[in-house]
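>>> this is a predicted model, with the sequence first.
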Amino acid sequence: MDLRDYHVHLEQGPYTIEWMKRFLEEGAKRSVKEVGFSEHCYRFIQAMHLWRSSGSRGKWHGERATEDIEQYIKIVERAKSEGLPVKLGIEMDYIPEWEGEIRDFVLKYPFDYVIGAVHWLGDFGFDNPDYMPEWETRDVYETHKEYFGVLIKAIESGIFDIIAHIDVIKVFGHVTVKDLAPVYEKVAAAMKRANVCAEISTAGIRKPIGEIYPSPAIMNYLKKYEIPIMINSDAHRPEDVGRDFDRALKYVKTYGFKRLCYFGKRKRLHYEI
């Protein structure tokens, strides 16, 4: 079966055709016929203002915004012109107070798709090891509810084509025994209204939580609302392209999903699995 992996980051190497080919070569070993590059938008100088804050979030991002988005776009478009099976994407954080500016920013560029993600709750980078100590002072259940509340806003914004790693809040193993089913249903219902694609991510298997995003409880609601899905790796190195896709395919088929999404010029298409 020919597969696609649309959540792949080039950031550990240069923006060159040679570096991109390494991702394609590794993906081919796992039947991935097309790779979508989706750099973290915070890496780009042009997007630095989209994370501004009076606290640590702005400082953290300011230190990492070192690249030129035009260079990134140019190399991916060049790869396309040379016949390489790649797509141009972006992973864009949703920061509620800058929603309008985020929307304007992504519309400026010729992306094939835009991945939306939540990595910050105010100035708390909850999935960042640098912020691990803050978890010790937080109520896990309330933090989960806060996260999903922001995620629903991201979905409802209409900015994104794909919603990444839906329950990434669990990445370090901070899970709650309290029932979040009503929250999960609200997430799925919002995705249905917004007509967005849900990412099934194998990245969680490589993280401390050791499991696919999203959880079975969320998968039940994605199926109930017939949310379109795609399987991605969130690879940051060539060796992880298509990693654990065999496991993810079994996982989604268990819930009755029979096709996956892919994109071109912001248009969603599907293929059978």
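Cool, the structure landed.

>>> next, give phi and psi for residue 267.
Summarising the backbone geometry of residue 267 under the convention degrees, to the nearest 10, its torsions are phi -100, psi 130.

>>> now do it against residue 197, distance only.
Relative to residue 197, residue 267 is positioned 12 Å away (criterion: C-beta to C-beta, to the nearest Å). Backbone N, C-alpha and C define where each C-beta goes, glycine included.

>>> between the two, who's got more neighbours?
When residue 267 is set against residue 197 and neighbours are counted by other C-beta atoms under 10 Å, the residue ahead is residue 197, at 23 against 10.

>>> these two touch, right, that one and residue 162?
Yes: taking contacts as C-beta atoms under 8 Å, residue 197 lies within contact range of residue 162: 4.7 Å.

>>> residues shared between the contacts of those two?
Listed contacts common to residue 197 and residue 162 are 230, 261; contacts here mean C-beta atoms under 8 Å, 6 or more residues apart in numbering.

>>> quick check: beta-bridge partners of residue 36?
Here residue 36 shows beta-bridge partners residue 87, assigned using DSSP bridges.

>>> residue contacts, it?
Taking C-beta under 8 Å, 6+ apart as the definition of contact, the neighbours of residue 36 are 4-8, 86-89, 112-113, 262-263.

>>> repeat that with 6 Å
Contact partners of residue 36, counting by C-beta atoms under 6 Å, 6 or more residues apart in numbering, are 6, 87, 89.

>>> again with residue 209
170-171, 173.

>>> and for residue 41?
Residue 41 touches 47, 90, 92, counting by C-beta under 6 Å, 6+ apart.

>>> so what touches the worst-scoring helix or strand of the chain on mean pLDDT?
Across the helices and strands of the chain, mean confidence by mean pLDDT, DSSP states H and E is lowest for helix 56-62: a mean of 94. The list of residues contacting helix 56-62 from outside it, by C-beta under 6 Å, 6+ apart, reads 42, 51-52, 120, 123.

>>> let's see if you can find the most crowded of those.
Highest neighbour count within the contacts of helix 56-62, by other C-beta under 10 Å: residue 120, with 24 neighbours.

>>> show me the contacts for residue 222.
In this structure, residue 222 makes contact with 188, 198, judged by C-beta under 6 Å, 6+ apart.

>>> re the thing from before, next one: the least confident helix or strand of the chain to chain centre, how far?
Here the centre of mass of C-alpha atoms in helix 56-62, compared against the chain's by C-alpha atoms, centre = their mean, to the nearest Å, lies 20 Å away.

>>> same thing with stretch 207-223?
Between the mean C-alpha position of stretch 207-223 and that of its chain there is a distance of 14 Å (C-alpha atoms, centre = their mean).

>>> mean confidence for it?
Confidence over stretch 207-223, taken as the mean pLDDT, stands at 98.

>>> for the spatially most central residue of the chain, which non-adjacent residue is spatially closest?
By C-alpha atoms, centre = their mean, the chain has its centre lying nearest to residue 164, at 3.1 Å. Among residues not flanking residue 164 along the chain, residue 117 sits closest, at 4.1 Å (C-beta to C-beta, 6 or more residues apart in numbering).

>>> give the burial count for that neighbour, as a bare number.
The burial count assigned to residue 117 is 25, neighbours taken as other C-beta under 10 Å.

>>> over to it: give its phi and psi.
Here is the backbone geometry of residue 117 (degrees, to the nearest 10): phi -150, psi 150.

>>> begin at 32, not 1, for the rest of this chat.
I'll keep to 32 as the first residue from here, and by that count the last item is residue 148.

>>> check contacts around it.
By C-beta under 6 Å, 6+ apart, the contact list for residue 148 reads 122, 124, 195.

>>> so what's it bridging to?
In beta-bridge terms (that is, DSSP bridges), residue 148 pairs with residue 124.

>>> all strands of the stretch 132-281 of the chain, in order?
The residue ranges that make up the strands of the stretch 132-281 of the chain, judged by DSSP state E, counting those that start in this stretch, are 144-148, 193-194, 228-232, 260-263.

>>> turn these into JSON lines, columns for mean pLDDT and distance to residue 287.
Formatted as JSON lines, the entries for these read as follows, by pLDDT from 0 to 100; distance: least, C-beta to C-beta, whole Å:
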{"stretch": "strand 144-148", "mean pLDDT": "98", "distance to residue 287": "24"}
{"stretch": "strand 193-194", "mean pLDDT": "98", "distance to residue 287": "20"}
{"stretch": "strand 228-232", "mean pLDDT": "98", "distance to residue 287": "13"}
{"stretch": "strand 260-263", "mean pLDDT": "98", "distance to residue 287": "11"}
